[in-house]
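Colleague: generate coordinates for the sequence data below:
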Amino acid sequence: MLLETIRSPADLRDLDPQELEELAGEIRDFIVAAVAENSGHLGSNLGAVELTLALHRVFDSPRDAILWDTGHQAYVHKIVTGRAAGFEQLRRAGGLSGYPSREESEHDFVENSHASTILSYAYGLAVARDSGADPSRRHIVAVIGDGSLTGGMAYEALNNLGHSDRNVIIVLNDNGRSYAPTVSKLSNSLTSIRLNPVYMRRQRRMETFLRDLPLVGSQAEKGLEAFKAAVREYFQPPAFFETLGVRYVGPVDGHDIPALEVAMRNATEFDGPIVIHALTQKGRGYPPAEDDDEKHLHDAPVFDLAVGPPKAVPTGYTQAFAEAVIKEAEHESRLVAITAAMPGPTGLIPFQERFPGRFFDVGIAEQHAVTAAAGMAMGGLRPVVAIYSTFLNRAWDQVVYDVALHRLPVLFALDRAGITGDDGASHHGVYDMALLSRVPGMTVLAPSSAQELQQMLRDAIGLLDAGPVAIRYPKGQARQVPDDQVGSGLEARRMREGDGRVCILAVGKLVANAERAAQLLTEDGVDVTIWDVRCCAPLDQTMIADAARHQLVVTCEDGIRDGGVGMTMADRVHHACGTDPLPHVEVLGVPTRFIPTAKPDRILAGLGLDGEGIAATVRGLLT
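Modeller: Residues are numbered from 1 along each chain as shown. Have a look, this model is predicted:
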């Protein structure tokens, strides 16, 4: 196999067109097999095969910086930079990351798994290069998908690149799945002329000649620019990118390696930023991905190669939310749903089908999503913003000053809260409780079961009259409980009463682990009180008072420990005691460090947050 001979990008440059086509097929088969075995991003990488091969044949990585936004399209990049063997442990503990990783390779510059950021990185690297701080850097190439161009940060960077006239090559990987920029209507021949470096050099000489003419130089140069603008206006609408000062060329067939290479080589001749618009097909070469209308198998679980991945459907807590939000919308006509380019993963596709006029997908624009929700709330609606916990971080200012400051009735449904696992450090949702519980007027709820989530959503609709509400829930299977084990409102729920020695205050997913710890401690003769905290802000004072009568209190949360809800509970417990002796309060949570890829249960066990770990902590403190 040709793939076995590729150990670095240099190995690509001696291949002829037929060999490149054969290699592309081998790479697609390799990626499908690796994702089938380990799960991962599939469709986005199958669509970027030829594009990646062309990039590494034209540019000399790492001397030329090839930057990826987002990193889920970088599997082919990893393969051709010597990491094919690592795909046996893709997205596993100690194995290959699903995103670029600076620890893995000198070819990876940005550990980027949050969208719309790469153009800002590119601008910064260009400034460093041009200042002489990084003189060995030659070309800076930023690969960005059309979906990422729905994010405002990308436009901020485009504007800055155009204004500064920095030499940056932007490759727009446009698979048509989200935002499509204004494209040229010129013929391919005229596009080829614009790509021709000879034409460009002659144009630059003409511009210089006119600029240097005595007395009339500036006017003559402006006249040439006006003439060129008029020609463009005659043949096509003003190109969006060129309005910002960024040259645009294309579209180019993103699966035609020779055409891509011509465009990329010629782009190196230009002064200033330039966009190469490459049209690609997401999921190319794998029929189940090509036929997936929703997302072209953007990502996939472990699956059988013979039949392909199962159809993506909401599961666990996401499914519970999907069912509950439709039920509430049937009774509350003001309820609308907003998501940031993730209707499927957040469970809102059934809502969209049931209430198409009340569903809004704003693209990868979390800041806009939150402030738009604020505007809807001001206008009398009851918006539900469904978003991953980790992505809410991007809209922190909007949550505080656009929603909370105005005490607006906005409900945040935070999926993938806590330790998420396979996607690594950038996707763990560990900051939401610590941050949101400090926002004045914000109610923060954490369900411990599917039934609790549905009850909380029902209660939240009424709570919105007092201000915003956030419900945060984890990825994966949901705990199932009978109706008599479901709380209500802002009250915590005491699950079992002990002998007064030990009290465990558990949040959300960790309630099940607290129950397991109690079972283990019972075998040691320790009878434990357990509270399901349910409402992290404001805290239930009945729960706090009950905890204060115990000798030992242990708080458990799958959010950041320092500054988290557990520390607040510890402070409240000590305040409730008033006099000595104060109970010892042990706060368990996620440490202040980036948590690498592994299965969630394995990570929690490593942090002492599984049942065995909680029980061991109690035993150690009782001795």
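Colleague: did I read that right, Asp271 in a strand?
Modeller: No - read with DSSP: H, G, I helix; E, B strand; the rest coil, Asp271 is coil and lies in no strand.
Colleague: and the pLDDT for it?
Modeller: On pLDDT, Asp271 comes in at 89.
Colleague: cool, Thr579 as well?
Modeller: Reported pLDDT for Thr579: 68.
Colleague: now stretch 537-546 - C-alpha only, PDB.
Modeller: Extracted in PDB, the C-alpha atoms of stretch 537-546 (Å, rounded to 0.1, in the frame of the first residue of the first chain):
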ATOM      1  CA  ALA A 537     -27.700  28.400  43.100                       C
ATOM      2  CA  PRO A 538     -29.500  29.300  45.300                       C
ATOM      3  CA  LEU A 539     -28.600  26.500  47.800                       C
ATOM      4  CA  ASP A 540     -31.400  24.900  49.800                       C
ATOM      5  CA  GLN A 541     -30.900  26.100  53.400                       C
ATOM      6  CA  THR A 542     -32.700  23.000  54.800                       C
ATOM      7  CA  MET A 543     -30.000  20.900  53.200                       C
ATOM      8  CA  ILE A 544     -27.300  23.100  54.600                       C
ATOM      9  CA  ALA A 545     -28.700  23.000  58.100                       C
ATOM     10  CA  ASP A 546     -29.000  19.300  58.000                       C
END
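Colleague: any idea what Leu505 is bridged to?
Modeller: Assessed by DSSP bridges, Leu505 has beta-bridge partners Trp531, Thr555.
Colleague: could you check how far it is from Lys282?
Modeller: Distance, Leu505 to Lys282, by CB to CB, to the nearest Å: 46 Å. Any C-beta I mention is one placed from the backbone N, CA and C, and that applies to glycine too.
Colleague: between those two, which is the more surrounded one?
Modeller: A direct count of neighbours by other CB atoms under 10 Å for Leu505 and Lys282 places Leu505 higher, at 31 against 25.
Colleague: so what's that one up against?
Modeller: 531, 533, 543, 547, 553-556, 566, 569 (CB atoms under 8 Å, 6 or more residues apart in numbering).
Colleague: same check, this time on Asn167
Modeller: By CB under 8 Å, 6+ apart, the residues touching Asn167 are 126, 130, 139-140, 270-273.
Colleague: drop anything exposed from those.
Modeller: Buried subset of these (neighbour count, 16 or more other CB atoms under 10 Å): 126, 139-140, 270, 273.
Colleague: my guess is Gly589 is in a helix, correct?
Modeller: No - under three-state DSSP, Gly589 falls outside any helix and is assigned strand.
Colleague: nearest residue to it in space, please, no chain neighbours.
Modeller: Nearest residue to Gly589, sequence neighbours excluded (CB to CB, 6 or more residues apart in numbering): Arg561, at 3.1 Å.
Colleague: what's Leu90 sitting at in phi/psi?
Modeller: Leu90 adopts backbone torsions of phi -60, psi 130, taken as degrees, to the nearest 10.
Colleague: would you mind measuring from the nearest residue to it once chain neighbours are set aside to Leu604?
Modeller: Excluding the flanking residues, the one nearest Leu90 by CB to CB, 6+ apart is Asn38, at 4.2 Å. According to CB to CB, Asn38 and Leu604 sit 21 Å apart.
Colleague: need the helix or strand of this structure with the lowest average pLDDT.
Modeller: Within the chain, no helix or strand scores below helix 188-195, which has a mean of 42 by mean pLDDT, DSSP states H and E.
Colleague: how far does whichever strand or helix holds Glu353 sit from the chain's center?
Modeller: Per DSSP states H and E, Glu353 falls inside helix 349-354. Its chain's C-alpha centre and that of helix 349-354 lie 22 Å apart, by CA atoms, centre = their mean, to the nearest Å.
Colleague: check which residues of it are buried.
Modeller: 349-352.
Colleague: between the buried ones among the contacts of Asn167, which is nearest Ala377?
Modeller: Using CB to CB, Pro273 comes nearest to Ala377 of the buried ones among the contacts of Asn167, at 38.8 Å.
Colleague: I figured that closest one hits Asp165, correct?
Modeller: Yes - the pair Pro273 / Asp165 is scored as a contact, 7.2 Å apart, by CB atoms under 8 Å.
Colleague: overlap in contacts of these two?
Modeller: Common contact partners of Pro273 and Asp165 (CB under 8 Å, 6+ apart): Gly245.
Colleague: just want the most central residue of this structure.
Modeller: Centrality entry for the chain: nearest residue to the mean C-alpha point is His114, 4.2 Å, by CA atoms, centre = their mean.
Colleague: which residue packs closest to that one, ignoring adjacent ones?
Modeller: That would be Ser426: by CB to CB, 6+ apart, it lies 6.2 Å from His114.
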